[in-house]
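> What follows is a predicted protein model with its sequence.
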Amino acid sequence: MESESARKELTEAEKARIERNRLKAQHLRESKVAISKEDEGSNTIKINGSKYIDTAGGFLLDEREQEEEESERAAKIAKIFEEDATDIPLAYQKCVECDEEFADSYLYKNFGFSCCDKCKNEENSMLITKTTARDEFLLKDCDFDRREPPLKFISRKNPHKSTWAEMKLYLRSQVEARALEVFESLEKIAQEKQIREEKKEMAKAKKFNKKLSELRKTVRSTLYDKTTKKHEHEFGESTYNPETEEYFHECLKCEYSETYEEL
């Protein structure tokens, strides 16, 4: 009897855990907000029948790829809650925009940025390539990968050429925050940009002056060879002048004439 009673209590406990998991899964599904067609039209571009999302960062994202990624992520989460009847603890995050708790979101999953899908917008989800980030914020590779914590990114095919390496796309707000860690303020970034531009211009001027100097030396060397080359006279037949009792001959290449006496 005691065994059957214990078994009955254990079954009730399992049912309670399953109910808690069901409620958690329901809360997770309700926290996801699908992008409506009205919102979609503001930053979606249609090219040759295919839809692309304008990231406002100088490139387009394939809408199908992003939808497939979102669907795959949602399916994995749903599978976890449907198949696992054990008590799964969920770590809830607090959204920096609305201050509400959420279990998962696109920005948190890909970039570790605590923002729910409801508050995701063009400003806080703007992406930037690594090349643009280096040029605009003067960051080095170590600032992305080695400085703690390393910045998260997503990879996308290069829209300019499919055979090129995939692009690394970072969250612009996180890149800007990392730049402030390195340079302390946007004013210092602007000053550093000015210094680097001046150094670049000085290097260009130095390189130009060096080439100009080499060109002048080449021209001078060519003129020197032409004007200072020793001229060798080629004299014609000698002529005798009975009045002076001397001989003279003239150069066949120039007007030089030479007078001499024969002994």
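Nice, I can see it.
> can you pull out the helices in the protein?
Per DSSP state H, the chain carries helices over the ranges 2-31, 37-43, 63-83, 106-111, 130-137, 141-145, 172-183, 186-227.
> The last one vs helix 172-183, what angle?
Think helix 186-227. Interaxial angle, helix 186-227 versus helix 172-183 (axes from the mean of the first three to the mean of the last three Cα atoms, to 10 degrees): 70 degrees.
> Offset the numbering so it begins at 832, please.
Noted, 832 is the first residue going forward, which turns the last one into helix 1017-1058.
> tell me the angle of helix 1017-1058 relative to helix 961-968?
Using the same axes, to 10 degrees: helix 1017-1058 against helix 961-968 is 100 degrees.
> how about stretch 1078-1093: buried residues?
By 16 or more other Cβ atoms under 10 Å, the buried positions in stretch 1078-1093 come out as 1080, 1081. Yep, even glycine has a C-beta here, placed from its N, CA and C like the rest.
> any low-confidence regions in the stretch 832-981 of the chain?
In the predicted model of the stretch 832-981 of the chain, residues 832-845, 847, 854-898, 908-921 satisfy pLDDT under 70.
> Swap in 90 and give it another go.
832-923, 934-935, 953-954, 977 (pLDDT under 90).
> Check the stretch 982-1094 of the chain too.
Residue ranges of the stretch 982-1094 of the chain with pLDDT under 90: 987-997, 1015, 1017, 1024, 1027-1028, 1030-1032, 1034-1094.
> rerun that using 70 as the cut-off
Those would be 1052-1060, 1093-1094, if you go by pLDDT under 70 across the stretch 982-1094 of the chain.
> Start and end of stretch 930-945, how far apart?
Taking Cα to Cα, to the nearest Å, stretch 930-945 runs 10 Å from one end to the other.
> So which bits of it are buried?
For stretch 930-945, a neighbour-count test (16+ other Cβ under 10 Å) marks 933, 934, 935, 936, 937, 938, 939, 941, 942, 944 as buried.
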